[in-house]
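In: here is a sequence with its predicted model. Questions after.
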Amino acid sequence: MSGFVEKPEPIQVPGLVHLHTGKVRELYRNEAGDLVMVASDRISAYDWVLPTEIPDKGRVLTQLSLWWFEQLADLAPNHVLSTELPPGAPADWEGRALVCRSLRMVPVECVARGYLTGSGLAEYDETRTVCGLALPEGLVDGSELPAPIFTPATKAEVGEHDENVSYEEVARQVGPDTAARLRQATLAVYSRARDIARERGIVLADTKFEFGFSDDDLILADEVLTPDSSRFWPADQWQPGRAQPSYDKQFVRDWLTSAESGWDRGSEQPPPPLPQQVVDATRAKYVEAYELLTGQSWS
């Protein structure tokens, strides 16, 4: 069993219809038919949405996504229509709410990998492939790949794992033309973002995108290139052959699997609340990633 430790009740706003509660975001539809996405401060780990929030996390994700959308505008149009608060929305939504185009979403997590780690490393160690793509011998945790690869996954419900699939399976599900467009857009956006991050002293190891269609136009949607959807590593500490320090929820994962937490990951019991020092350290990592990438001070 996994999912929400304590599933939140969505805020009701006049003129908005609540559609979905995700791991981090609440999704609404306004009277014009547009979507309103609100990024909360929730954090998930090991398929659980934890009972403890990370202050400012939702705003960091939203503002970083907006910054990236600007950097990528010539490569991929995005779904953002407005950052203005809907009438009657609570003041706490400021900086974390986006009004977005309603799209026909493609049911595929579009993952780009430039470095070997995570589930890709586990598959490589067994078969010397990732999502069916053959890779050279001798790669280790953190190795840079000869070229970025497209390694799609299925989109899972809250509390379930995304499952890596082959390109051929994506083509079977969505058609060969759409699959080719997804692969091209994913690798183009990743390559641009990797170069931008590298200039700022950050390795973009891998990331996942979501795309949807507006008529025949392929549109970049959801969040993009945040610590929740990407692995960012400090470039000056990159050392293949070991787990890399990262700008994400690693403090949370490490504490949950430590003796101090008292939580058995293999049990069906929900994880405990996070201690304040883990909350503070995790918030600092999200803010640090924002400041290094954008060059702007978080306030």
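Out: Looks like it arrived, so ask away.
In: nearest residue to Asp206 other than its sequence neighbours?
Out: Excluding the flanking residues, the one nearest Asp206 by Cβ to Cβ, 6 or more residues apart in numbering is Arg113, at 4.2 Å. C-beta coordinates here come from the backbone N, C-alpha and C atoms, glycine included.
In: pull the residues that contact stretch 234-250.
Out: The contact list for stretch 234-250 (Cβ atoms under 8 Å, 6 or more residues apart in numbering) reads 43-45, 117, 140-144, 198, 201-203, 205, 227-228, 230-233, 282, 285-286, 288-289, 292.
In: what comes up buried for that stretch?
Out: Neighbour counts over stretch 234-250 (16 or more other Cβ atoms under 10 Å) mark 234, 244, 246-250 as buried.
In: what's the ChimeraX line that selects buried ones from the contacts of stretch 234-250?
Out: A single ChimeraX command selects the buried members of the contacts of stretch 234-250 (16+ other Cβ under 10 Å):
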select :43,44,45,117,141,142,143,202,203,205,227,228,230,231,232,233,282,285,286,288,289
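In: which residue ranges of the stretch 51-200 of the chain form helices?
Out: Remark: helices assigned in the stretch 51-200 of the chain by DSSP state H, counting those that start in this stretch are 57-71, 118-127, 167-174, 176-199.
In: out of those helices, which is the most enclosed?
Out: Most buried of these by mean neighbour count (mean count of other Cβ atoms under 10 Å) is helix 57-71; its value is a mean of 21.
In: so how far is that helix from its chain's centroid?
Out: Relative to the centre of its chain, helix 57-71 is centred 12 Å away, using Cα atoms, centre = their mean, to the nearest Å.
In: just to revisit the earlier point, what pairs with the residue nearest to Asp206 across the strands?
Out: Beta bridges link Arg113 to Ile149, Asp206 when assigned by DSSP bridges.
In: on the three-state scheme, Leu27 is what?
Out: In terms of secondary structure, Leu27 is strand; the call rests on DSSP: H, G, I helix; E, B strand; the rest coil.
In: out of the helices of the stretch 51-200 of the chain, which gets nearest to Thr151?
Out: Nearest to Thr151, of all the helices of the stretch 51-200 of the chain, is helix 118-127, at 6.4 Å by Cβ to Cβ.
In: CSV for the helices of the stretch 51-200 of the chain, including distance to Val106 and mean pLDDT?
Out: Putting the helices of the stretch 51-200 of the chain into CSV (distance: least, Cβ to Cβ, whole Å; pLDDT from 0 to 100) gives the following:
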stretch, distance to Val106, mean pLDDT
helix 57-71, 18, 98
helix 118-127, 21, 92
helix 167-174, 6, 94
helix 176-199, 7, 98
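In: how about those in a markdown table, adding distance to Pro240?
Out: Below are the helices of the stretch 51-200 of the chain laid out as a markdown table (distance: least, Cβ to Cβ, whole Å):
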| stretch | distance to Pro240 |
| --- | --- |
| helix 57-71 | 26 |
| helix 118-127 | 11 |
| helix 167-174 | 26 |
| helix 176-199 | 16 |
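In: tell me which of these sits nearest to Gln296.
Out: Of all these, it is helix 57-71 that lies closest to Gln296, at 8.0 Å by Cβ to Cβ.
In: by contact count, what packs against the closest one?
Out: On a contact count with 3 or more Cβ pairs under 8 Å, 6 or more residues apart in numbering; DSSP states H and E, helix 57-71 meets strand 35-39, strand 97-100, helix 176-199, helix 276-294.
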